[in-house]
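Q: Any chance you can model this:
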Amino acid sequence: MENLAQFEALCERVYNSQDSAERAHAENTLKCFSMNSNYIAQCQYILDNAATPYALMLASSSLLKQVTEQRLSLQLRLDIRNYLINYLATRGPELESFLIGSLIQLLCRITKLGWFDDDSFSEVVKESMSFLSQATVHYAIGLKILNQLICEMNQPNPVQPSTHHRRVACSFRDQSLLQILQISLTALSQLKHDVGSKLQELALSLALKCLSYDFMGTSDESSDDFGTIQIPSSWKPIIEEPSTLQLFFDYYAVNIPPISREALECLVRLASIRRSLFTNEAERLKYLGLLMKGTKEILQTGIGLADHENYHEFCRLLGRFKINYQLSELVNMESYSEWIHAVAEFTLRSLQSWQWASSSIYYLLGLWSRLVSSVRYMKGDMPTMLDKFVPDIIDRFLSSKFESFQAGLSDDLSENPLDNAELLQDQLDFIPYLCRFQYESCSKHILQISDPVLQTYLEAVTLEVPMDKSKLFLIETKLAWIVHVVAAILKTKYSGETQEIHDADLSARVFRLINITDSGFQSQRYAEISKQRLDHAILIFFQHFKRSYVGDQAMQSSKQLYTRFSELLGLNDHLLVLNVIVGKIATNLKCYPESDEVINHTLNLFLEMATGYMTGKLLLKLDTVQLIISHHNREHFSFLKDYRCSRSRTSFFYIIGLLVFMEDSFLKFKSSMDPLLQDFVGLESTPDAIFRTDTAKQALIGLMRDLRGIAMATNSRKTYTFLFDWLYPAHMPLFLKAILHWADTPEVTNPLLKFVAEFVWNKSQRLTFDASSPNGILLFREVSKLVVSYGSRILSLPNHADMYSSKYKGTWIVLTIISRALAGNYVNFGVFEIYGDRALADALDIALKMALSIPLADLLAYRKVTVAYFTFLEVLIKSQITFILNLDSTTFMLIAGSIQSGLQLSDTNILSQCASAVDYLSSFYFHHITLGEPPTSPASLNLARHVADSPSIFPEVCWLFFFSFYVFHRPF
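A: Residues are numbered from 1 along each chain as shown. Got it, this is the predicted structure:
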């Protein structure tokens with residue numbers, strides 16, 4: 001760099017140039033300032049002498065990177081710190097605000113990193129106070145320093161271990177945070193009449209940061225969902241002082257956002273302070289009284305609530321009352337009657353203005369649900385008045401949802417709760433508590449609004465001319481919402497005869513609806529989004545109803561429900577109900593070829609029923625289930641034809657397998673496999689010349705996914721033997737044929753390899769053959785043929801832009817296959833060497849070549865590849881260490897280097913696998929080389945040669961081994 005002017009010109013190009021090449025050249029020229037500690041003096045010179053803000057900004061950001069990433073001497077860091085404080089004091093008032101922010105961030109970063117290195121670093125609070133005693137500009141700089149200091153201390157730094165960060169954060173909390181809170185409160189008191197000023201905003205932001213600090217290091221207290229705030233005991237006098245709360249209420253009353261919003265945010269956190277902080281119960285109730293008084297005044301006057309930001313934070317504040325205080329404490333407050341009445345009116349007005357209230361209303365509904373949930377635990381005779389307000393609130397809420405549907409929802413599916421599971425769950429969480437509190441009146445209201453809609457829907461089905469699409473869309477949307485509400489109520493089952501009767505009345509409407517949804521012209525509307533939403537809601541209802549009312553125990557404890565069902569629907573036991581549910585499942589699987597979401601949800605319900613002990617046995621008694629088991633083909637279930645639903649095939653056949661294996665009959669198994677047998681016969685008879693057609697491709701993909709599902713269902717030795725005897729040896733050649741013809745097509749090979757990975761996995765000890773059986777060896781030989789054929793072809797293929805899809809995915813599946821086969825303990829691998837069979841050696845050789853063909857950077861970048869590789873290495877070194885030691889030195893060092901990299905990862909499972917690999921190698925070295933006579937076996941000699949060729953590799957790996965386990969396993 002020849003002169004300062006040249007530097008300033010380059011800096012301007014970095015920040016302003018529109019030419020990417022010119023900007024990149026300037027950045028490359030200037031990067032030495034942020035990477036070489038010898039340039040720190042030049043950065044200080046630039047700060048002192050440069051005239052442009054761009055040059056100053058680059059010097060500041062370069063120093064920040066140096067301080068963060070370089071190991072600078074203590075004296076140099078102290079010099080930088082002192083320089084920055086003096087610089088801000090002398091030149092701060094004339095600098096741009098973004099420059100001040102950058103320099104303050106640098107000061108706070110160097111303070112945090114050096115917190116335990118010298119006492120001078122912890123004096124930054126004292127030194128910032130000197131700014132507060134000066135003019136307005138310096139006052140603002142002082143507040144900015146404290147704001148940024150808390151942010152820096154509260155935020156983990158990637159260059160520091162998390163344990164060190166917590167030590168610094170806790171030390172700062174104990175030494176300085178209370179003092180900073182006092183400074184903020186003092187500043188707020190002094191600035192009280194300076195309404196809307198920047199200083200007010202900075203002081204309030206400082207108080208908020210103090211109250212939002214992560215005191216325990218266990219949660220993100222800056223989010224909406226934080227729990228009780230663990231304020232230190234030393235803060236007790238300030239918190240108990242009535243003027244503290246009042247100060248924030250006063251700031252809210254006289255300001256507009258963002259100041260009024262931040263005042264409410266502070267109040268939200270003050271309302272969340274742990275109960276044990278207060279001196280005694282009287283102080284805590286006094287504090288509660290102040291909170292109720294302040295919020296009641298806001299509710300009565302409505303001041304500031306016309307602004308949406310204020311409204312949202314105020315709803316959050318009200319929602320905190322029941323989280324931190326018991327209902328009995330609220331009821332016993334003198335102002336409770338007025339307060340709860342004001343909250344109820346505010347809630348009803350908010351529900352009336354549903355378009356404006358948006359998601360904020362759910363904080364209020366959450367408050368009401370927590371209040372009614374606590375009524376049963378109330379002691380004493382004090383009236384809660386909840387029975388007066390809750391029915392109106394739930395009625396108004398349900399009506400407001402219908403109004404929102406009538407007005408039309410956004411086209412954005414992420415904003416529609418019927419298409420957003422997370423949003424829907426948030427809106428329904430409080431429903432069961434509020435509805436069951438006054439269940440009789442609530443259920444009547446639900447029936448009053450649902451029966452007319454249901455009747456209209458029934459009439460629409462019987463019309464000769466289909467109803468207008470927009471009207472039908474609205475009806476189905478309303479019905480979907482009603483079904484979701486009923487499902488949410490059933491999710492939380494309450495005991496009692498009246499509760500069951502009301503459950504039956506509501507559930508009966510849903511079961512009646514099921515008879516309508518698939519009849520008439522509705523059978524042609526499966527592609528409509530409103531119908532899919534309705535069926536999705538029905539499936540959720542089935543899930544919750546089944547958990548509460550299906551099964552022997554549920555049947556015995558739910559006599560009132562089934563008695564009522566018998567009157568309303570003619571369904572007098574759970575087997576008849578189960579038949580209705582299975583009928584809907586079968587209909588969905590037959591009629592939804594284009595909606596993978598409905599298919600997946602239907603299969604999830606079917607799987608939940610098939611895996612339940614009682615429901616699984618009951619399913620086998622149903623004719624519909626027997627029909628599904630015997631006719632699971634494309635003709636009966638159209639989703640099996642659609643490639644978009646091909647992943648669902650595995651789940652479908654997993655369920656089929658579970659149900660078939662429950663009957664424990666090989667003849668039943670063989671008959672149920674007839675559709676798959678037809679696929680096998682068709683593919684096996686296909687000539688090689690037309691085996692690469694799209695028809696054969698889709699048939700192969702489907703068959704492999706189906707077989708994987710069946711294999712997943714074999715959880716015992718007997719059921720696995722059913723599948724093994726059915727496949728081997730008759731159908732094994734098809735797998736090799738598929739590999740030979742489709743090795744370059746991951747769409748075909750990946751499902752095939754995944755099936756093989758499942759087939760060789762000895763989970764639950766299902767691969768346990770008789771002592772005289774050669775099946776384990778025969779199975780591995782077939783696997784070896786597949787792996788060698790696939791690997792040799794995939795390695796010869798050219799690289800593609802998407803390496804993961806084209807090669808890496810297949811590689812990690814192959815590594816998984818070999819790992820599971822080696823670790824399965826169902827093959828005596830010594831047999832292969834004795835009889836000169838190359839199956840084992842060829843499989844290991846090709847698997848290792850495939851693994852090492854992946855660059856280490858890519859291997860560590862893809863999670864599944866990383867896991868499969870290190871699992872393979874651990875199993876290989878444990879069971880076939882001779883194979884590893886007989887490799888050439890270059891390959892051995894590549895493996896050792898990858899283990900070394902694995903020991904530097906943060907994943908504890910991978911770390912453990914690498915440590916095990918090191919342990920196996922070290923043990924072999926110790927027993928065969930260190931102890932006794934000089935090594936004589938080829939493996940021992942090879943290991944000695946590898947160590948001699950690279951004497952530093954073992955010490956480095958072992959050092960990493962011990963260091964990693966110290967970091968991850970030492971006591972916190």
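Q: so where do the helices sit in the stretch 701-850 of the chain?
A: With DSSP state H, counting those that start in this stretch as the definition, the stretch 701-850 of the chain shows helices at residue ranges 717-727, 732-742, 746-759, 775-796, 803, 809-823, 830-834, 839-852.
Q: how distant is the first one from the center of its chain?
A: On the basis of Cα atoms, centre = their mean, to the nearest Å, helix 717-727 sits 37 Å off its chain's mean C-alpha point.
Q: Which positions in that helix come out as buried?
A: Neighbour-count burial for helix 717-727, counted by 16 or more other Cβ atoms under 10 Å, picks out 719-724, 726-727. Yep, even glycine has a C-beta here, placed from its N, CA and C like the rest.
Q: Just put those in TSV and tack on pLDDT and distance to Leu291.
A: Listed next are these as TSV, based on pLDDT from 0 to 100; distance: Cβ to Cβ, whole Å:
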residue	pLDDT	distance to Leu291
Thr719	95	62
Tyr720	95	64
Thr721	95	69
Phe722	95	67
Leu723	96	65
Phe724	96	69
Trp726	96	70
Leu727	95	70
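Q: Greatest separation within these: which pair is it?
A: Distances among the buried residues of helix 717-727 were taken as Cβ to Cβ; the most separated pair is Thr719 and Leu727, at 13.2 Å.
Q: one step back: and the helices of the stretch 701-850 of the chain: which comes nearest Ile690?
A: Nearest to Ile690, of the helices of the stretch 701-850 of the chain and by Cβ to Cβ, is helix 732-742 at 10.3 Å.
Q: As CSV, the buried residues of helix 717-727 with distance to Val748 would be great.
A: Formatted as CSV, these follow (distance: Cβ to Cβ, whole Å):
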residue, distance to Val748
Thr719, 27
Tyr720, 25
Thr721, 28
Phe722, 26
Leu723, 21
Phe724, 23
Trp726, 22
Leu727, 18
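Q: center of the chain, which residue is that?
A: With distances taken as Cα atoms, centre = their mean, Glu422 lies nearest the centre of the chain, 11.6 Å away.
Q: what mean pLDDT would you report for the helix or strand hosting it?
A: Per DSSP states H and E, Glu422 falls inside helix 421-428. Average pLDDT, helix 421-428: 81.
Q: got the CA positions of that helix in CSV?
A: Only the C-alpha atoms of helix 421-428 are listed here, as CSV (Å, rounded to 0.1, in the frame of the first residue of the first chain):
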residue,chain,number,x,y,z
ALA,A,421,-49.8,-28.1,11.0
GLU,A,422,-47.8,-25.9,13.4
LEU,A,423,-50.1,-23.0,13.1
LEU,A,424,-53.2,-25.2,13.5
GLN,A,425,-51.8,-26.8,16.6
ASP,A,426,-51.2,-23.4,18.1
GLN,A,427,-54.8,-22.4,17.4
LEU,A,428,-56.2,-25.7,18.8
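Q: hey, where'd the helices end up in the stretch 351-500 of the chain?
A: 354-357, 361-373, 386-407, 421-428, 431-437, 439-462, 469-491, 497-517.
Q: no, scratch that, I was asking about the stretch 51-200 of the chain
A: 53-69, 74-91, 97-113, 124-132, 136-154, 162-172, 178-190, 198-211.
Q: The stretch 501-650 of the chain too?
A: Using DSSP H, counting those that start in this stretch, helices in the stretch 501-650 of the chain cover 529-549, 552-557, 559-568, 574-591, 596-611, 613-619, 623-630, 646-662.
Q: In JSON lines, list these along with mean neighbour count.
A: Below are the helices of the stretch 501-650 of the chain laid out as JSON lines (neighbours: other Cβ atoms under 10 Å):
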{"stretch": "helix 529-549", "mean neighbour count": "22"}
{"stretch": "helix 552-557", "mean neighbour count": "13"}
{"stretch": "helix 559-568", "mean neighbour count": "18"}
{"stretch": "helix 574-591", "mean neighbour count": "20"}
{"stretch": "helix 596-611", "mean neighbour count": "20"}
{"stretch": "helix 613-619", "mean neighbour count": "17"}
{"stretch": "helix 623-630", "mean neighbour count": "17"}
{"stretch": "helix 646-662", "mean neighbour count": "22"}
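Q: So for Leu143, what's the nearest residue that isn't a sequence neighbour?
A: Residue nearest to Leu143 in three dimensions, not counting chain neighbours: Leu202, with 4.0 Å by Cβ to Cβ, 6 or more residues apart in numbering.
Q: contacting residues for the residue lying closest to Ala50 once chain neighbours are set aside?
A: Nearest-residue entry for Ala50: Leu56, 5.5 Å, with adjacent residues in sequence omitted and distances by Cβ to Cβ, 6+ apart. Contact partners of Leu56, counting by Cβ atoms under 8 Å, 6 or more residues apart in numbering, are 46-47, 50, 95, 99.
Q: Please apply the same query to Cys170.
A: Cys170 is in contact with Gly217, counting by Cβ under 8 Å, 6+ apart.
Q: which phi and psi does Ser133 have?
A: phi -90, psi 10 (degrees, to the nearest 10).
Q: Run a quick neighbour tally on it.
A: By the measure other Cβ atoms under 10 Å, the count of residues near Ser133 is 9.
Q: where's it relative to Phe121, distance?
A: Ser133 sits 22 Å away from Phe121, going by Cβ to Cβ, to the nearest Å.
Q: what's the answer for Tyr363, then?
A: Tyr363 is 41 Å from Phe121, by Cβ to Cβ.
Q: Likewise for Ala207?
A: 24 Å.
Q: Equivalent analysis for Leu659, please.
A: As for Leu659, its distance to Phe121 is 68 Å (criterion: Cβ to Cβ).
Q: What of Ala50?
A: For Ala50 relative to Phe121 (Cβ to Cβ), the value is 27 Å.
Q: for Tyr728, phi and psi?
A: phi -100, psi 130.
Q: cool, Lys192 as well?
A: phi -60, psi -30.
Q: And Ile273, by the same measure?
A: Ile273 adopts backbone torsions of phi -70, psi 140, taken as degrees, to the nearest 10.
Q: Pretty sure it sits against Ile231.
A: Yes: between Ile273 and Ile231 a contact is recorded at 5.1 Å, counting by Cβ atoms under 8 Å.
Q: returning to what we had before: just tell me which of the helices of the stretch 351-500 of the chain ends up closest to Ser912.
A: Closest among those, using Cβ to Cβ: helix 421-428, at 33.9 Å.
Q: For the closest one, buried residues please.
A: 423-424, 427-428.
Q: Look up how far Thr587 lies from the closest residue to Val461 other than its chain neighbours.
A: Spatial nearest neighbour of Val461, chain neighbours left out: Gly520 (4.0 Å); criterion: Cβ to Cβ, 6+ apart. In this view, Gly520 and Thr587 are 14 Å apart by Cβ to Cβ.
Q: Over to Pro237?
A: Separation of Pro237 from Thr587 (Cβ to Cβ) stands at 68 Å.
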